[in-house]
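requesting a structural model of the entry that follows:
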Amino acid sequence: IKMMKYILVLLSALVCLSSTSVNAFAPSSPRVTAGASVRTQPQSFLSTPTLSSSPTVLFGKKEARAQGNERKNKKERVKKVKDDVIEVEGKVIESLPNAMFRCTIEGAPETQEPVLATISGKIRKFYVKILVGDQVTIELSPYDLTRGRITFRKR
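Next up is the predicted model:
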């Protein structure tokens, strides 16, 4: 009689688990990669979750992050427009201490003295190495045309 009660309790527990959404004893679902979603069904001990090919709808922060990831994969260089600087192309001719460089401006006459340029914060942050002979983009201050900031190193 005790054995019958024990079997009855186990069977009722199985029926409850299969009829409700409680998955206490069900196997854990696999990790889902981006682009695939898991369709949940009432699980039994033998069933596994199935993957659907329907597009995933994102809301809030996750939607913003997804848009940011799409932006990161683009190759074009987007830069803020500054109206108070003069942007010119140049070539590094001398490396000086404290991340300073002497650069010539492309298309300038030979009599013009070289520009004394330092590296910008982004280049400093990402440890971009600038060597003598590199083609660079320089931002010149309109107040002092002999000093500038190196903002981009050509590949």
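
confidence score at Val136?
On pLDDT, Val136 comes in at 96.

for burial, what's the neighbour tally of the closest residue to it other than its chain neighbours?
In space, and not counting its chain neighbours, Val136 is closest to Ile150: 4.9 Å by C-beta to C-beta, 6 or more residues apart in numbering. C-beta: built from backbone N, CA, C; applies to glycine. Ile150: 24 surrounding residues under other C-beta atoms under 10 Å.

look up how far Ile130 lies from Ile150.
7 Å (C-beta to C-beta, to the nearest Å).

now for those two: what residues contact both?
Val92, Phe101, Ile119, Ile123, Val136 (C-beta atoms under 8 Å, 6 or more residues apart in numbering).

any idea which of the residues you listed is closest to Ile7?
Taking C-beta to C-beta as the measure, Ile7 sits nearest to Ile123 out of those, at 73.9 Å.

give the buried residues for stretch 87-101.
Val88, Gly90, Lys91, Val92, Phe101 (16 or more other C-beta atoms under 10 Å).

which residues touch the third one?
To tie it back to what came earlier, the one meant is Lys91. Contacts of Lys91 (C-beta under 8 Å, 6+ apart): Cys103, Thr104, Glu106, Gly133, Asp134, Gln135, Val136.

what number of residues lie near the third one?
Each residue near Glu106 was counted by other C-beta under 10 Å, and the total is 11.
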